[in-house]
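Asker: how would this look folded up:
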Amino acid sequence: MKIRFGYVANALGLWDASPSKTLTFARYSALSKSEQMDKLKSVTAQNLQHTKRILYYNIAHEIGLYRFSSSLVPLATHPEVMWDFVTPFRAEWEELGHIIQQFKLRPSFHPNQFTLFTSHREEVTMNAVKDMEYHFKMLDAMNALERGIINIHIGGAYGDKNTSLGRFHQNLKKLPNTIKKHMTLENDDKTYDVEETLITCEKEKIPMVLDYHHYMANKGEVDLPQYLPRIFNTWNSFDTVPKVHISSPKSEQSYRSHADFVSLDFILPFLKMAKVLDRDFDIMIEAKQKNLAMLKLIEEIASIRGVKRISSGMVEW
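Answerer: Numbering: from 1, shown residues only. Here you go, the predicted structure:
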């Protein structure tokens, strides 16, 4: 069983390398028309340049997974802006894509919690479609559709899970199939548990990303070892291995919040559970200390008897 590791957005330790520099609509509105476009392009150029630096950091450290920032392009989905962020940066997007392809990186995006398909309000659904289109355009501009995924949660329950799940399936029909086939769903820490998410994924033929920390916070009646084979099997029709999110609680009082690092004791039961399946998979680390937390956890896992570290970002057990 081989496990590759990755992290989210920022490579800590790289100086001034945030890929998520922003421009508020209020600040944008205060500028003249020519200044508005100059500022949009300036912030985007910075974010793309910093993303390139982070990808090269990942290559140097043999890190095969990376979740791109959803804030690469300021105001990309704002109804009063909606600008063409591909054409002026076509060379930069293609350069990022060349790096992804050359080093066989696995890119992903994770839109925010407002990108959901369970709402009874039409505008919420259309905003979700718009946000998915934005992320799809970035993957497409990077020529990264072959490996790229866009991961979201099911959404809210609105007091009635069954009705909301029915709405999810109906609203999802408004998402173009070209985008849907790059979509994954993740169980969450309060509402839709592993079983509910898995059934939804199986019905829509969408891969499921298991979030172990969310499972621990929202177990429901689920005995995870019984469900893990089915979760991994949702990836069978895709030319890639399953993906799992890993983090650990900040504290007992803030159980759902992510800690700075990942506790090996917290995630070890899951790793042993996965070992029984003996199937390769990828782990995305969701910790406040980003790549530093990832590298520390890999070292700790590699110290377990029977585990062999085969690169900076991969172990075999």
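
Asker: Quick check: residue 271 is in a helix.
Answerer: Yes. Assessed with DSSP: H, G, I helix; E, B strand; the rest coil, residue 271 lies in a helix.

Asker: could you list every residue that touches it?
Answerer: Residues in contact with residue 271 (C-beta atoms under 8 Å, 6 or more residues apart in numbering) are 301, 317. For glycine as for every other residue, the C-beta is placed from the backbone atoms N, C-alpha and C.

Asker: what's the distance between residue 304 and residue 316?
Answerer: 11 Å (C-beta to C-beta, to the nearest Å).

Asker: Check residue 150 too.
Answerer: Separation of residue 150 from residue 316 (C-beta to C-beta): 29 Å.

Asker: the more surrounded of those two?
Answerer: Comparing residue 150 with residue 316 by other C-beta atoms under 10 Å, the one with more neighbours is residue 150, at 22 against 14.

Asker: SS state for that one?
Answerer: Assignment for residue 150 (three-state DSSP): strand.

Asker: Identify the residues contacting it.
Answerer: Neighbouring residues of residue 150 by C-beta under 8 Å, 6+ apart: 108-111, 132, 135-136, 139, 179, 182-184.

Asker: now that we have the residues you listed, which one has the most neighbours?
Answerer: Neighbour counts for the contacts of residue 150 peak at residue 135, which has 27 neighbours (criterion: other C-beta under 10 Å).

Asker: Please identify the helix or strand for that residue.
Answerer: helix 122-141 (DSSP states H and E).

Asker: Remind me what that helix packs against, helices and strands.
Answerer: helix 90-102, strand 106-109, strand 149-153, helix 177-180 (3 or more C-beta pairs under 8 Å, 6 or more residues apart in numbering; DSSP states H and E).

Asker: List the buried residues for that helix?
Answerer: Neighbour counts over helix 122-141 (16 or more other C-beta atoms under 10 Å) mark 124-125, 127-129, 131-141 as buried.

Asker: Off-centre distance for it?
Answerer: The chain centroid and the centroid of helix 122-141 are separated by 15 Å under C-alpha atoms, centre = their mean, to the nearest Å.
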